[in-house]
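Visitor: Got a predicted structure here, sequence first:
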Amino acid sequence: MLRRALLLALVCVGGLAASAARAEEPALRKWHLGVQATAGARSTHDVFATPLLPGAAVEKKGRGAGFFLGRRFGDRFLVDLQVTWARHDMASAADDVIDVEALITGTVLFRERDTFQPFVRGGFGGGGTMIGFTDSGDNVFSFGTAAIAGGGCQVRLGSRVSLEFEAVATFTNYLEVRNESGDPRFDDDSWQVRVSSHGWRTGAGVVFWF
(Lines give C-alpha, C1' and ligand atoms only; values in the text may rest on other atoms or scores of the structure.)
Protein backbone atom coordinates (compact mmCIF):
# COMPACT_ATOMS: atom_id res chain seq x y z
CA MET A 1 0.00 0.00 0.00
CA LEU A 2 2.84 2.36 0.90
CA ARG A 3 4.63 1.60 -2.37
CA ARG A 4 1.49 2.37 -4.36
CA ALA A 5 1.02 5.64 -2.56
CA LEU A 6 4.67 6.56 -3.12
CA LEU A 7 4.42 5.66 -6.85
CA LEU A 8 1.26 7.74 -7.21
CA ALA A 9 2.92 10.68 -5.49
CA LEU A 10 5.92 10.45 -7.84
CA VAL A 11 3.66 10.37 -10.90
CA CYS A 12 1.78 13.43 -9.67
CA VAL A 13 4.98 15.33 -8.92
CA GLY A 14 6.38 14.41 -12.36
CA GLY A 15 3.20 15.56 -14.08
CA LEU A 16 3.22 18.87 -12.21
CA ALA A 17 6.89 19.40 -13.08
CA ALA A 18 6.24 18.70 -16.77
CA SER A 19 3.27 21.06 -16.79
CA ALA A 20 5.33 23.78 -15.14
CA ALA A 21 8.12 23.29 -17.67
CA ARG A 22 5.67 23.59 -20.56
CA ALA A 23 4.15 26.70 -19.01
CA GLU A 24 7.59 28.31 -18.79
CA GLU A 25 8.30 27.79 -22.52
CA PRO A 26 8.03 31.14 -24.31
CA ALA A 27 5.26 31.44 -26.87
CA LEU A 28 6.43 31.14 -30.47
CA ARG A 29 6.25 34.37 -32.45
CA LYS A 30 3.33 34.52 -34.87
CA TRP A 31 4.16 36.85 -37.75
CA HIS A 32 7.10 36.52 -40.09
CA LEU A 33 8.71 38.08 -43.16
CA GLY A 34 11.16 36.19 -45.35
CA VAL A 35 13.45 37.09 -48.25
CA GLN A 36 15.09 34.49 -50.48
CA ALA A 37 17.32 33.92 -53.46
CA THR A 38 15.79 31.47 -55.94
CA ALA A 39 16.78 29.20 -58.80
CA GLY A 40 14.49 27.16 -60.99
CA ALA A 41 13.43 25.87 -64.38
CA ARG A 42 10.29 25.39 -66.47
CA SER A 43 9.70 22.72 -69.05
CA THR A 44 8.76 25.21 -71.78
CA HIS A 45 8.60 28.95 -72.47
CA ASP A 46 6.61 28.50 -75.68
CA VAL A 47 3.49 29.76 -73.90
CA PHE A 48 2.34 32.68 -76.07
CA ALA A 49 0.40 30.82 -78.80
CA THR A 50 2.32 32.58 -81.57
CA PRO A 51 5.49 31.63 -83.48
CA LEU A 52 6.76 35.20 -83.00
CA LEU A 53 7.37 34.61 -79.29
CA PRO A 54 9.60 34.03 -77.48
CA GLY A 55 11.59 34.65 -80.67
CA ALA A 56 14.75 32.78 -79.64
CA ALA A 57 15.74 29.80 -77.51
CA VAL A 58 15.24 30.43 -73.79
CA GLU A 59 17.53 28.94 -71.15
CA LYS A 60 15.34 26.63 -69.03
CA LYS A 61 17.22 27.40 -65.82
CA GLY A 62 16.94 30.85 -64.29
CA ARG A 63 17.83 32.73 -61.12
CA GLY A 64 15.94 35.34 -59.16
CA ALA A 65 14.58 36.31 -55.78
CA GLY A 66 11.42 36.38 -53.73
CA PHE A 67 9.75 37.27 -50.47
CA PHE A 68 6.99 35.89 -48.28
CA LEU A 69 4.85 37.31 -45.50
CA GLY A 70 2.63 35.27 -43.23
CA ARG A 71 1.37 34.12 -39.87
CA ARG A 72 1.72 31.08 -37.65
CA PHE A 73 -1.44 29.27 -36.51
CA GLY A 74 -0.87 27.07 -33.51
CA ASP A 75 2.77 26.04 -33.20
CA ARG A 76 3.46 24.46 -36.55
CA PHE A 77 1.11 25.62 -39.31
CA LEU A 78 2.12 28.67 -41.39
CA VAL A 79 0.06 30.54 -44.00
CA ASP A 80 1.97 32.89 -46.35
CA LEU A 81 1.69 35.13 -49.36
CA GLN A 82 4.76 34.18 -51.43
CA VAL A 83 5.99 36.14 -54.46
CA THR A 84 8.94 34.94 -56.56
CA TRP A 85 10.52 35.81 -59.90
CA ALA A 86 13.38 34.43 -61.98
CA ARG A 87 15.18 35.75 -65.04
CA HIS A 88 16.12 33.47 -67.94
CA ASP A 89 18.69 34.20 -70.63
CA MET A 90 17.51 34.17 -74.23
CA ALA A 91 19.87 33.18 -77.04
CA SER A 92 20.77 35.87 -79.58
CA ALA A 93 18.57 38.47 -77.93
CA ALA A 94 18.87 41.20 -75.33
CA ASP A 95 15.22 40.92 -74.28
CA ASP A 96 14.33 39.69 -70.79
CA VAL A 97 12.34 36.53 -70.04
CA ILE A 98 11.00 36.55 -66.50
CA ASP A 99 8.93 33.91 -64.69
CA VAL A 100 6.74 35.17 -61.84
CA GLU A 101 4.52 33.53 -59.21
CA ALA A 102 2.21 34.92 -56.52
CA LEU A 103 0.89 32.15 -54.27
CA ILE A 104 -0.93 31.49 -51.03
CA THR A 105 1.08 28.73 -49.35
CA GLY A 106 0.53 26.45 -46.39
CA THR A 107 3.51 25.04 -44.46
CA VAL A 108 3.57 22.38 -41.75
CA LEU A 109 6.65 22.57 -39.52
CA PHE A 110 7.97 19.53 -37.66
CA ARG A 111 10.02 19.82 -34.44
CA GLU A 112 8.89 23.43 -34.35
CA ARG A 113 10.79 24.27 -31.14
CA ASP A 114 14.08 22.65 -32.19
CA THR A 115 16.98 24.23 -34.04
CA PHE A 116 16.42 22.07 -37.14
CA GLN A 117 12.80 22.19 -38.36
CA PRO A 118 11.83 20.18 -41.47
CA PHE A 119 8.60 21.15 -43.25
CA VAL A 120 6.25 20.26 -46.07
CA ARG A 121 4.71 23.00 -48.21
CA GLY A 122 2.01 23.43 -50.84
CA GLY A 123 0.49 26.46 -52.50
CA PHE A 124 -1.89 27.76 -55.14
CA GLY A 125 -2.26 31.07 -56.96
CA GLY A 126 -1.17 32.75 -60.17
CA GLY A 127 1.93 32.58 -62.32
CA GLY A 128 3.21 33.52 -65.72
CA THR A 129 6.02 34.39 -68.10
CA MET A 130 6.84 37.89 -69.30
CA ILE A 131 9.01 38.94 -72.24
CA GLY A 132 10.32 42.46 -71.74
CA PHE A 133 11.55 44.22 -74.87
CA THR A 134 14.63 46.18 -73.88
CA ASP A 135 14.44 48.59 -76.84
CA SER A 136 10.93 49.86 -76.12
CA GLY A 137 10.48 48.98 -72.45
CA ASP A 138 7.18 47.24 -73.31
CA ASN A 139 6.25 43.63 -72.59
CA VAL A 140 4.04 40.66 -73.45
CA PHE A 141 2.79 38.63 -70.49
CA SER A 142 1.32 35.10 -70.56
CA PHE A 143 -0.33 34.08 -67.28
CA GLY A 144 -2.69 31.66 -65.58
CA THR A 145 -3.01 29.50 -62.50
CA ALA A 146 0.00 28.07 -60.65
CA ALA A 147 0.69 25.60 -57.86
CA ILE A 148 3.66 24.25 -55.92
CA ALA A 149 4.32 21.16 -53.77
CA GLY A 150 7.45 20.25 -51.85
CA GLY A 151 9.27 20.93 -48.63
CA GLY A 152 12.47 22.02 -46.98
CA CYS A 153 13.76 23.03 -43.57
CA GLN A 154 14.22 26.00 -41.30
CA VAL A 155 17.24 26.43 -39.04
CA ARG A 156 16.25 28.41 -35.98
CA LEU A 157 18.92 30.90 -34.91
CA GLY A 158 16.80 32.40 -32.15
CA SER A 159 13.28 33.55 -31.43
CA ARG A 160 13.48 36.26 -34.09
CA VAL A 161 15.59 34.84 -36.95
CA SER A 162 15.62 31.58 -38.93
CA LEU A 163 17.32 30.40 -42.09
CA GLU A 164 15.10 28.65 -44.65
CA PHE A 165 15.86 26.23 -47.49
CA GLU A 166 13.02 25.29 -49.88
CA ALA A 167 12.69 22.85 -52.79
CA VAL A 168 9.36 22.56 -54.63
CA ALA A 169 7.86 21.27 -57.84
CA THR A 170 6.03 23.95 -59.84
CA PHE A 171 3.01 23.73 -62.15
CA THR A 172 1.65 26.55 -64.33
CA ASN A 173 -1.47 26.47 -66.52
CA TYR A 174 -1.32 29.41 -68.95
CA LEU A 175 -4.71 30.84 -69.92
CA GLU A 176 -4.31 34.31 -71.41
CA VAL A 177 -1.73 36.61 -73.03
CA ARG A 178 -1.70 40.37 -72.45
CA ASN A 179 0.09 42.39 -75.11
CA GLU A 180 1.48 45.68 -73.79
CA SER A 181 4.03 46.10 -76.57
CA GLY A 182 2.13 47.97 -79.27
CA ASP A 183 3.98 45.78 -81.79
CA PRO A 184 2.04 45.84 -85.13
CA ARG A 185 2.90 42.17 -85.70
CA PHE A 186 0.31 41.26 -83.03
CA ASP A 187 -3.30 41.75 -84.03
CA ASP A 188 -4.83 41.94 -80.54
CA ASP A 189 -4.11 43.37 -77.11
CA SER A 190 -4.97 39.99 -75.55
CA TRP A 191 -5.73 36.43 -76.63
CA GLN A 192 -6.45 33.05 -75.08
CA VAL A 193 -3.89 30.27 -74.69
CA ARG A 194 -4.10 26.69 -73.41
CA VAL A 195 -0.58 25.63 -72.46
CA SER A 196 0.82 24.00 -69.33
CA SER A 197 4.35 23.73 -68.00
CA HIS A 198 6.02 22.07 -65.05
CA GLY A 199 9.35 22.60 -63.36
CA TRP A 200 11.14 23.07 -60.08
CA ARG A 201 12.31 25.85 -57.80
CA THR A 202 14.77 26.08 -54.93
CA GLY A 203 15.11 28.93 -52.48
CA ALA A 204 17.44 29.94 -49.68
CA GLY A 205 16.86 32.90 -47.42
CA VAL A 206 16.26 34.48 -44.04
CA VAL A 207 13.03 34.62 -42.02
CA PHE A 208 12.40 37.39 -39.49
CA TRP A 209 9.83 36.65 -36.73
CA PHE A 210 7.92 39.33 -34.87
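Guide: Right, received. Where do you want to start?
Visitor: give me the low-pLDDT residue ranges for the chain?
Guide: Within the chain, the ranges that satisfy pLDDT under 70 run 1-25.
Visitor: hmm, 50 instead?
Guide: 2, 5-7, 9-11, 13, 16-23 (pLDDT under 50).
Visitor: Could I get the full set of strands for it?
Guide: Secondary structure of the chain (DSSP state E): strands located at 31-42, 61-73, 77-88, 96-109, 116-132, 139-156, 161-179, 190-209.
Visitor: so Ser159 touches Phe210, yeah?
Guide: No - judged on Cβ atoms under 8 Å, Ser159 makes no contact with Phe210 at a distance of 9.8 Å. Any C-beta I mention is one placed from the backbone N, CA and C, and that applies to glycine too.
Visitor: what about those two, which has more around it?
Guide: Each of Ser159 and Phe210 has its neighbours counted (other Cβ atoms under 10 Å); Ser159 has more, 12 against 9.
Visitor: Tell me the spatial nearest neighbour of that one, not counting adjacent residues.
Guide: Setting aside the residues directly before and after it, Ser159 is nearest to Arg29 in space (Cβ to Cβ, 6 or more residues apart in numbering), at 6.1 Å.
Visitor: looking at the sheet around Arg63, what are its partners?
Guide: Listed by DSSP bridges, the beta-bridge partners for Arg63 are Ala39, Arg87.
Visitor: Can you tell me how far it is from Val120?
Guide: The gap separating Arg63 from Val120 is 25 Å, by Cβ to Cβ, to the nearest Å.
Visitor: ok, what's across the strand from the spatially most central residue of the chain?
Guide: Nearest to the mean C-alpha position of the chain, counting by Cα atoms, centre = their mean, stands Gln82 at 5.1 Å. Gln82 has these beta-bridge partners by DSSP bridges: Phe68, Leu103.
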